[in-house]
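Peer 1: coords please:
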Amino acid sequence: MSETATLATKQNPLQYVTDQLHELREKGVAPELRVLEGEQKPVCVFDGREVINLASNNYLGLTTHKALRKAALDAVKRYGAGAGAVRTIAGTMKLHLELEEQIAAFKKVEACVVFQSGFTANAGTVSAVLGKEDLIVSDELNHASIIDGARLSKATIKIFRHKDVEDCERILKEHAGFPGKKLIITDGVFSMDGDIAPLPQLCDLAERYNCIMMVDDAHG
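Peer 2: The predicted structure is shown next:
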């Protein structure tokens, strides 16, 4: 084997990742994780400093609620520290089914499915409901998880201007003869600006044009 060939086999094919990280650090734009010490509270300690926490999803303070602490401890004693498998194989526990039944009853719907996160909910739901023969009509400022779920479905995707009901209807009119199923999808409350989608008008459009209506209300 020649010296050139030997050198080629010893090169790290992932060296470019290290190089890019070094470049980002030199520019001062490399992301750094903030490390939480202790409980997730309105005032807590990150990286050794006490700060007011405005970036948490713990809106209702449930992570430190006494009743939930006790329920979590009781569940660990009875069921262990986790399901031990994904739900579709061997990880669906009786607790999962009880939770889904209670949520369905609360929402007055036929059934409910619980996902691990809002991101997986959108990725799983959109691609399960629609396929490559279908049409998705999506607000231009929808959350990244909606965008990824739409792409995974392989459906045709059309974007309407943010909160613009007339632009949404324009797309629906242009695709009135579309052969597949149609879905209008929007955030209920948009994650970045906190503005609210015109849900009554969009629901009216969904009924008028025989569309499925899907709302991601994670930020509501």
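Peer 1: Quick check: what element follows the lowest-mean-pLDDT helix or strand in the chain along the chain?
Peer 2: Using mean pLDDT, DSSP states H and E, helix 3-10 stands out as the lowest-scoring helix or strand of the chain, at a mean of 61. Going down the chain from helix 3-10, the next helix or strand is helix 15-27, by DSSP states H and E.
Peer 1: how near is the closest residue to residue 181 other than its chain neighbours to residue 214?
Peer 2: Leaving aside its sequence neighbours, residue 181 sits nearest to residue 134 (Cβ to Cβ, 6 or more residues apart in numbering; 4.4 Å). Where you see a C-beta, it was placed from the backbone N, CA and C, and this is true even at glycine. Distance of residue 134 to residue 214, given as Cβ to Cβ, to the nearest Å: 12 Å.
Peer 1: Tell me who's in contact with residue 154.
Peer 2: Shown in contact with residue 154 (Cβ atoms under 8 Å, 6 or more residues apart in numbering): 127, 131, 132.
Peer 1: Apply 10 Å and report the result again.
Peer 2: 127, 130, 131, 132, 133, 134 (Cβ atoms under 10 Å, 6 or more residues apart in numbering).
Peer 1: Tell me the pLDDT of it.
Peer 2: Per-residue confidence (pLDDT) for residue 154: 95.
Peer 1: Could you do residue 117 as well?
Peer 2: pLDDT, residue 117: 87.
Peer 1: Any idea how many residues pack against it?
Peer 2: Per other Cβ atoms under 10 Å, the neighbour tally for residue 117 reads 10.
Peer 1: For it, give its distance to residue 91.
Peer 2: For residue 117 relative to residue 91 (Cβ to Cβ), the value is 15 Å.
Peer 1: same thing with residue 67?
Peer 2: 25 Å.
Peer 1: The chain: helices as residue ranges?
Peer 2: Ranges of helices within the chain are 3-10, 15-27, 66-79, 94-107, 118-129, 144-153, 165-174, 199-208, based on DSSP state H.
Peer 1: Name the residues that touch the fourth one?
Peer 2: To tie it back to what came earlier, the one meant is helix 94-107. Helix 94-107 is contacted from outside by 75, 78-79, 83, 87, 92-93, 109-114, using Cβ under 10 Å, 6+ apart.
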